[in-house]
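**Student:** Sequence and predicted structure are below.
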Amino acid sequence: MYVDTLKREDMLLISKQLLMKKIEQYYGGDNPLLECEPVWRMLEKMVTFVIRLDEVQNVGRAKNVNSFEFNLRDVFRWCDLMLANQSLSEFRPEVFLDMLFIQRMRDARQQQRVLDLFNEVFETSFVPAQFPLVHLTGHSVKIGNALVHRINSSQSTLQQPLLRGSLRYLESLLFAVENKLPCLLVGESGSGKSYSLQALSSLLNVRLHEYNMNTTTDATEILGCFEQVEVSRHYSRLLSELVEILEKFLWRALISNCSAASPAQDFSNKRLRVNSIGDTRFSIDQSETEGVAEGHKRSREVTPRIGAMLPSELVSTLYSFISYLKQQIMALVDGGSENGVDIDSVMSRCEETLSKLFSSCEEEYVDEMKSLLKPANEVVLSVQAIKRASKHVAFEWIDGSLIEAIVRGHWVVFDNVNFCNASVLDRLNSLLENNGFLLINECGLMGRSASSTRTTTSESSS
């Protein structure tokens, strides 16, 4: 068997075949741009640039200084980013030069060398923006050329200011988040790695999970393990689901009760009222809120109109019940039954409240109410089933914090990842690939197969 490094002709042939397949996936097989000569000339320059950059960075003494090489994988990632973020007829490879190559260099001299090489190969005079422009709207965030939609923009708040010097790296982070790419942030302590991630997550209103890694970190800490069944854990989870269901129903009831005299102002007041008890993860039509003056105070009164889903006194009852459930959840998290939580009384009050809602609903809303509150009845049944099963001693698999974060679509950051054991990082390798997949065989067989999960957001490491 004879193995040799890929030559320029080999890399160009492989890259062209792969790019053709990807273009067919994005635009269809009959796209005339498949035969576009400028696209293939650009691809040829990309391959030439990567080959020459690897020669410069990994020849002689420099090979021992640099901890990575440039190869065909960089060309593939470059093509993927252009296809996902640019029009095929307007490919601009220089947009991702800073993210893929310049920012990987260890000092300013090497970064300038990469930029000079790019301008030489592509016969241009490109200079990356040191301070990319920032544009914020109610629904999106744009830094430089990276555009990401905000999640629940009515609830997002920027708790930390965006530092001007970190905008280049925030642009790369936005590209990574949008394209589900893992990131490695390298820098000295206090250089702003964690700060930048926290600022970006608060701006996009995404929950950020930070894990401090060290030499004693074990895979079970982040993946999960078997533990004795603890009913308070299940009670708090189910009651949290019940709160989300009732908040959605409360929002719908308040909208149906909007005053016919001033619907826009009343709509805004109802939104503030629901926000006061928790997140409302439901899109708000911008046209309905246009013209609403700022500074409206929260409205504790409901101005019903003819055909409202619920009378005003029941809306207030539901509001109070949701607040009561949140108090019980906090008590369960803090100490379960030792903090005076009686699950029987909680379920009794829940059933009583649901019964009142069904009996007082207007006839035209009965079907809609049944649809909205059907999950609430299922939660009640689940609580009752867990209460019966709690009489027996048993063990169950508990997902680790990493798995829960991925399933819920949150951001994950491994801090001081260089201190972690290689065996733990090897366990996560498959999760950090494209379309990452993690098989959790530690939990044994659940049903007929081992549990598994896929990445839903970008997992970043620092």
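**Tutor:** Received the coordinates, thanks.

**Student:** Where in the protein is the helix or strand with the lowest mean pLDDT?
**Tutor:** helix 286-289 (a mean of 34; mean pLDDT, DSSP states H and E).

**Student:** Low-confidence stretches in the chain?
**Tutor:** 29-35, 59-67, 152-160, 256-308, 335-340, 393, 444-462 (pLDDT under 70).

**Student:** Can you name the element that comes right after the least confident helix or strand of the chain?
**Tutor:** The C-terminal neighbour of helix 286-289 among helices and strands, as given by DSSP states H and E, is helix 312-335.

**Student:** mind listing what's buried in that next one?
**Tutor:** Leu314, Val315, Thr317, Leu318, Tyr319, Phe321, Ile322, Leu325, Gln328, Ile329, Ala331, Leu332 (16 or more other C-beta atoms under 10 Å). C-beta: built from backbone N, CA, C; applies to glycine.

**Student:** what's the closest non-adjacent residue to the fourth one?
**Tutor:** Taking C-beta to C-beta, 6 or more residues apart in numbering as the measure, Leu318 lies nearest to Leu250, with 5.4 Å between them; neighbours along the chain are not counted.

**Student:** Pull the contacting residues for the closest residue to Gly192 other than its chain neighbours.
**Tutor:** In space, and not counting its chain neighbours, Gly192 is closest to Ser166: 5.6 Å by C-beta to C-beta, 6+ apart. Ser166 is in contact with Gly192, Tyr195, Ser196, counting by C-beta atoms under 8 Å, 6 or more residues apart in numbering.

**Student:** which one among the residues you listed gets closest to Phe76?
**Tutor:** Checking the contacts of Ser166 against Phe76 with C-beta to C-beta, the nearest one is Ser196 at 27.0 Å.

**Student:** Measure how buried the closest one is and give me the count.
**Tutor:** Using other C-beta atoms under 10 Å, the number of residues around Ser196 comes to 22.

**Student:** Assign a three-state SS to it, would you?
**Tutor:** helix (DSSP: H, G, I helix; E, B strand; the rest coil).

**Student:** let's number from 31 now, not from 1
**Tutor:** Okay, using 31 as the starting number, the last item reads as Ser226.

**Student:** Now it: closest residue in space that isn't a chain neighbour?
**Tutor:** Per C-beta to C-beta, 6+ apart, closest to Ser226 is Ser196, 4.8 Å.

**Student:** What pairs with the longest strand along the chain, parallel or antiparallel?
**Tutor:** In the chain, with assignment by DSSP state E, the single longest strand is strand 467-476. Strand 467-476 sits in its sheet next to strand 479-484 (antiparallel), going by DSSP bridges.

**Student:** For the stretch 131-280 of the chain, which segments count as helices?
**Tutor:** Ranges of helices within the stretch 131-280 of the chain are 138-152, 197-208, 223-234, 249-253, 261-286, based on DSSP state H, counting those that start in this stretch.

**Student:** Okay, Ile132 and Arg198: tell me how far apart.
**Tutor:** In this view, Ile132 and Arg198 are 9 Å apart by C-beta to C-beta, to the nearest Å.

**Student:** likewise Leu204?
**Tutor:** In terms of C-beta to C-beta, Leu204 sits 11 Å off from Arg198.

**Student:** Touching, Asn242 and Cys450? I think so.
**Tutor:** No: with contact defined as C-beta atoms under 8 Å, Asn242 does not reach Cys450; the gap is 9.9 Å.

**Student:** More neighbours: those two, which one.
**Tutor:** The neighbour count for Asn242 versus Cys450, taken as other C-beta under 10 Å, is higher for Cys450 (22 against 12).

**Student:** Counting neighbours, what do you get for Glu85?
**Tutor:** 12.

**Student:** what helix or strand is it on?
**Tutor:** Applying DSSP H and E, one finds Glu85 within helix 67-87.

**Student:** can you give me the offset of that helix from its chain's centre?
**Tutor:** In terms of C-alpha atoms, centre = their mean, to the nearest Å, the centre of helix 67-87 is set 33 Å apart from its chain centre.

**Student:** Outside of that helix itself, list whatever touches it.
**Tutor:** 38, 41-42, 45-46, 49, 63, 92-93, 96, 99-102, 104-105, 108-109, 118, 121, 123, 131, 140, 143-144, 147-148, 151-152.

**Student:** Send me it as PDB with only the CA atoms.
**Tutor:** Only the C-alpha atoms of helix 67-87 are listed here, as PDB (Å, rounded to 0.1, in the frame of the first residue of the first chain):
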ATOM      1  CA  GLU A  67     -16.700  29.200 -15.600                       C
ATOM      2  CA  PRO A  68     -16.100  32.000 -13.000                       C
ATOM      3  CA  VAL A  69     -17.300  29.700 -10.200                       C
ATOM      4  CA  TRP A  70     -14.700  27.000 -11.100                       C
ATOM      5  CA  ARG A  71     -11.900  29.600 -11.500                       C
ATOM      6  CA  MET A  72     -12.800  30.900  -8.000                       C
ATOM      7  CA  LEU A  73     -12.700  27.300  -6.700                       C
ATOM      8  CA  GLU A  74      -9.300  26.800  -8.300                       C
ATOM      9  CA  LYS A  75      -7.900  30.000  -6.500                       C
ATOM     10  CA  MET A  76      -9.400  28.700  -3.200                       C
ATOM     11  CA  VAL A  77      -7.600  25.400  -3.500                       C
ATOM     12  CA  THR A  78      -4.300  27.200  -4.600                       C
ATOM     13  CA  PHE A  79      -4.600  29.500  -1.600                       C
ATOM     14  CA  VAL A  80      -5.100  26.700   0.900                       C
ATOM     15  CA  ILE A  81      -2.200  24.700  -0.500                       C
ATOM     16  CA  ARG A  82       0.200  27.700  -0.500                       C
ATOM     17  CA  LEU A  83      -0.900  28.700   3.000                       C
ATOM     18  CA  ASP A  84      -0.200  25.200   4.300                       C
ATOM     19  CA  GLU A  85       3.300  25.300   2.700                       C
ATOM     20  CA  VAL A  86       4.100  28.600   4.300                       C
ATOM     21  CA  GLN A  87       2.800  27.600   7.800                       C
END
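
**Student:** That's all I had, so thanks and see you.
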